[in-house]
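Colleague: Everything below, folded, please.
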Amino acid sequence: MDPIKYLKRFNAHPVEENYLQDLARLQSLHMQHIPFENLDVIRKVPIYLNLESIYDKVVNQHRGGYCYELNGLFCWLLQQIGFDAKMISATVVKPDGSYAKADTHAAIIVELDAPYLVDAGFGDSTISPIPLEGERHTDNSGTYRIEEAESGVYELSRENDGNEKVLYRFTLDEKKLEDFHEGCIFNQVSEESTFTHDDIVTKATPDGRVTLSGTTLTRTIEGRKEKQELTEAEKVKLLEEEFGIILNTEKPLRI
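Modeller: Residues are numbered from 1 along each chain as shown. Take a look at the predicted model:
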């Protein structure tokens with residue numbers, strides 16, 4: 001695996017210093033060029049927690065992935081270029097307010113002057129590192145903060161239009177990629193998984209986000225959402241032109 005080739009995959013360059021602004025630039029570029037997507041899950045293509053196969057998919061095949069793939073590989077890259085980075089697990093809050101399966105989301109903690117949460121694999125979320133000390137950070141997708149809900153347990157929250165919602169909770173216990181084996185299988189096969197029902201492909205843009213959900217395209221520009229329904233042919237074209245993804249035509253897109 002070649003860190004330089006991986007950096008070029010998302011239009012980044014090697015950093016000269018391991019400062020917060022360098023980390024923020026890498027995360028932002030990663031989320032603008034490497035999409036969060038579950039296309040393999042829907043097509044029942046097995047996803048293995050092996051860095052070499054993930055690297056081949058993301059870098060050589062110009063694909064994206066979900067949290068284990070994106071954060072697993074990004075954490076490896078950060079370590080390779082000198083950042084003090086480790087993987088952690090998180091438990092996601094579902095839209096109805098209940099918790100999803102415990103510890104099935106993978107994220108990253110990077111130690112700089114203080115610890116920062118870095119997450120390149122949560123879809124529509126912040127594109128910047130968030131400090132664990134309660135400082136608020138605002139970007140196009142909302143205002144974020146982390147607070148310690150109880151001893152050793154932190155919560156990431158987002159505020160939109162005056163409403164604050166917890167996205168997930170986590171601890172700082174270090175995890176290895178293989179620790180997510182059960183969660184990775186669950187999110188590929190369970191009806192309770194968010195990822196087993198329809199195609200999801202999304203990436204950040206300089207002024208918002210573009211998301212494909214099933215056959216619905218949503219463009220978010222400075223908080224304004226524009227929706228469009230696509231035909232099968234339009235969807236195939238969009239995947240290629242917007243996300244750089246060309247799927248095996250022997251496995252037709254599920255519409």
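Colleague: can you list the residues that contact the worst-scoring helix or strand of the chain on mean pLDDT?
Modeller: Within the chain, no helix or strand scores below strand 137-139, which has a mean of 88 by mean pLDDT, DSSP states H and E. Applying C-beta atoms under 8 Å, 6 or more residues apart in numbering, the contact partners of strand 137-139 are Thr126, Ile127, Ser128, Ile130, Pro131, Thr143, Tyr144, Arg145. In this view, the C-beta of every residue, glycine as well, is placed from N, C-alpha and C.
Colleague: redo that, cut-off 6 Å
Modeller: For strand 137-139, the external contacting residues (C-beta atoms under 6 Å, 6 or more residues apart in numbering) are Thr126, Ile127, Ser128, Ile130, Tyr144.
Colleague: Out of these, which comes closest to Leu20?
Modeller: Ser128 (9.2 Å; C-beta to C-beta).
Colleague: rewinding a little: scan the contacts of strand 137-139 and report the most crowded one.
Modeller: In terms of neighbours by other C-beta atoms under 10 Å, the contacts of strand 137-139 top out with Thr126 at 25 neighbours.
Colleague: Quick check: phi and psi at that residue.
Modeller: Main-chain torsions, Thr126, degrees, to the nearest 10: phi -60, psi 150.
Colleague: wouldn't it be in contact with Thr143 here?
Modeller: No - contact criterion C-beta atoms under 6 Å: Thr126 and Thr143 do not qualify, at 9.2 Å.
Colleague: Any chance you could list what contacts the helix or strand harbouring Lys237?
Modeller: Using DSSP states H and E, Lys237 sits in helix 232-243. Identification of contacts with helix 232-243 by C-beta under 6 Å, 6+ apart yields Pro35, Val201, Thr215, Ile245, Ile246, Ile255.
Colleague: Swap in 7 Å and give it another go.
Modeller: 35, 201, 203, 210, 212, 215, 217, 230, 245-247, 253, 255 (C-beta atoms under 7 Å, 6 or more residues apart in numbering).
Colleague: ditto for stretch 56-68
Modeller: By C-beta under 7 Å, 6+ apart, stretch 56-68 touches 5-6, 9, 34-38, 49, 54, 69-70, 73, 105-106, 121-122, 177, 180, 184, 187, 195, 244-245.
Colleague: so after the least confident helix or strand of the chain, what's the next helix or strand?
Modeller: Following strand 137-139 toward the C-terminus (DSSP H and E): strand 142-150.
Colleague: Which secondary structure elements does whichever helix or strand comes after that next one sit against?
Modeller: Going down the chain from strand 142-150, the next helix or strand is strand 153-160, by DSSP H and E. Packed against strand 153-160, as judged by 3 or more C-beta pairs under 7 Å, 6 or more residues apart in numbering; DSSP states H and E, are the following elements: strand 142-150, strand 163-170.
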